[in-house]
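Undergrad: got a structure for you, letters missing:
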């Protein structure tokens with residue numbers, strides 16, 4: 001639990017990588033840029049400025065931005081409505097991977113029909 005406190009505080013400060021990433025993402029979205037462009041800029045900044053020895057994953061960067069916005073919503077007005085976009089592409093990727101696994105294993109249940117229903121004709 002003690003290790004979580006510095007991370008939470010780091011996301012709260014505007015000078016942290018998370019705070020700067022949130023500033024970039026929210027500013028760009030509020031300026032009319034789409035999610036992809038805003039996300040690429042924010043993620044590049046977070047990767048470059050993170051103090052970690054390990055590369056920051058896209059999933060972790062999305063969580064860092066979310067934490068920064070949620071912990072200090074006054075600094076990021078109207079940005080809450082964009083946070084779902086950080087996770088929408090990950091959800092789509094998971095769905096595509098699941099579909100690929102089902103197709104590869106032959107367990108896809110085409111339209112919910114049973115095997116006998118599919119070949120009933």
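TA: Cool, the structure landed. Keep in mind it's a predicted model, so treat the numbers as computed, not measured.
Undergrad: which element is the residue nearest to residue 22 when sequence neighbours are not counted on?
TA: Sequence neighbours aside, residue 68 is the residue nearest to residue 22 in space, at 3.7 Å (criterion: C-beta to C-beta, 6 or more residues apart in numbering). In this view, the C-beta of every residue, glycine as well, is placed from N, C-alpha and C. Applying DSSP states H and E as the criterion places residue 68 in helix 58-71.
Undergrad: Which positions within that helix qualify as buried?
TA: 58, 61-69, 71 (16 or more other C-beta atoms under 10 Å).
Undergrad: same check, this time on stretch 83-90
TA: For stretch 83-90, burial by neighbour count (16+ other C-beta under 10 Å) applies to 83, 85-86.
Undergrad: Looking at these, spot the one nearest residue 38.
TA: Set against residue 38, the nearest of the buried residues of stretch 83-90 by C-beta to C-beta is residue 85 (8.5 Å).
Undergrad: Look at that closest one and tell me its secondary structure.
TA: helix (DSSP: H, G, I helix; E, B strand; the rest coil).
Undergrad: can you pull the pLDDT of the residue nearest to it when sequence neighbours are not counted?
TA: Leaving out its chain neighbours, the residue that sits closest to residue 85 by C-beta to C-beta, 6+ apart is residue 35, at 4.2 Å. pLDDT for residue 35: 95.
Undergrad: got it, and the one 10 residues further on?
TA: Here the pLDDT value assigned to residue 45 is 96.
Undergrad: measure it to residue 28 for me?
TA: Residue 45 sits at a distance of 11 Å from residue 28 (criterion: C-beta to C-beta, to the nearest Å).
Undergrad: Name the residues contacting each of these two.
TA: Common contacts of residue 45 and residue 28 (C-beta atoms under 8 Å, 6 or more residues apart in numbering): none found.
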